[in-house]
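Asker: please find the sequence and the predicted model below.
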Amino acid sequence: MRNKLVVGNWKMHGNMAENKQLLDSIVAAINDLHTKAQFAVCVPYPYLSSVQTTLRGTSIHWGAQNLSQFDKGAYTGEVSSGMLNDFACDYVIVGHSERRALYGETNEIVAEKYMAAQRAGITPILCVGETLEQRESGVTEKIIDEQLNAVIKLAGIESFTKAVIAYEPVWAIGTGKTASPQQAQDVHVFIRKKIASQGSDIAKDLSILYGGSVKANNAKELFTMPDIDGGLIGGASLVADDFVAICRAASH
Ligand code: 13P
């Protein structure tokens, strides 16, 4: 059975003092929650060390928001999976739509980053999703198919035993326009069926998160859909009460 997973993606927000306050509040509220659900925060690189210190020994996991596809070398400004291992990251987000749109990450580069994470034993959270224009022109499934195919081609279907997929419709990210539970469920079913066509047991156990304007007041109805296994949370993960409420919504 799949357990729910809620991951905060802080994006480029925070500072030492705010992070500590945010995490202390979250830990105080959910560390003793008796639940099979899992929780994590993906934070900017410079804070990995202090976040590790704060969260070590708690039930909350941590990770990064990006990594290099290369293991080492002359890649100024990049961070390797081995470096993330030095901070005991459990997760790393790959192929977030902001990376794809603003930093030119192609499906192939995303697939290489996914592989790099897995080589280091870090669980990649592979983001897929369509833009508004793509949805309106009826190519949502085609786009997601292509995004997944690049990863399947490079890493193989078996790799999904050690990965999480996040469906994040680009039009729902940071816009306050959440996909309806049924809209999200439909795409999650498409993704699960695609994986199942090559490995049915792998698909059954695969966690597929929804991301895009998940808030305290809509998390519950999203998480009750049968193929939505939790959420990847942007803005609401920066407000302790909101993130805690979303974690609680995943806990029943
Ligand atoms: P928001 O929750 O702010 O819409 O962001 C979603 C997201 O991009 C998470 O990765």
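Answerer: Noted; the coordinates are in hand.

Asker: residue boundaries of the strands in the stretch 151-252 of the chain?
Answerer: 164-167, 207-211, 230-233 (DSSP state E, counting those that start in this stretch).

Asker: any idea which of those strands is most buried?
Answerer: Highest mean neighbour count of the strands of the stretch 151-252 of the chain: strand 230-233, a mean of 29 (counted as mean count of other Cβ atoms under 10 Å). For the C-beta atoms, the positions are set from N, CA and C on the backbone; glycine is no exception.

Asker: shaky segments in the stretch 101-250 of the chain?
Answerer: Along the stretch 101-250 of the chain, no part satisfies pLDDT under 70.

Asker: phi, psi for Gly57 please.
Answerer: phi 90, psi 0 (degrees, to the nearest 10).

Asker: count the residues that sit near the residue in the chain that the ligand sits nearest to.
Answerer: For the chain and the ligand, the shortest gap (Cβ to the nearest ligand atom) falls at Gly234, measuring 2.2 Å. For Gly234, the count of nearby residues is 21 (other Cβ atoms under 10 Å).

Asker: same question for Thr53.
Answerer: Around Thr53 there are 11 residues (other Cβ under 10 Å).

Asker: that one: what secondary structure?
Answerer: Here Thr53 is recorded as helix under DSSP: H, G, I helix; E, B strand; the rest coil.

Asker: hmm, back to that, got CSV for the strands of the stretch 151-252 of the chain, with distance to Tyr103 too?
Answerer: CSV is the format used below for the strands of the stretch 151-252 of the chain (distance: least, Cβ to Cβ, whole Å):
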stretch, distance to Tyr103
strand 164-167, 18
strand 207-211, 18
strand 230-233, 18
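
Asker: around the ligand, pick out the residues from the stretch 51-200 of the chain.
Answerer: 96, 168, 173-174 (Cβ under 6 Å from any ligand atom).

Asker: now do Met1, the pLDDT please.
Answerer: You'll see Met1 listed with a pLDDT of 75.

Asker: re earlier: between the strands of the stretch 151-252 of the chain, which gets nearest to Pro44?
Answerer: Nearest to Pro44, of all those, is strand 230-233, at 15.7 Å by Cβ to Cβ.

Asker: many thanks, have a good one.
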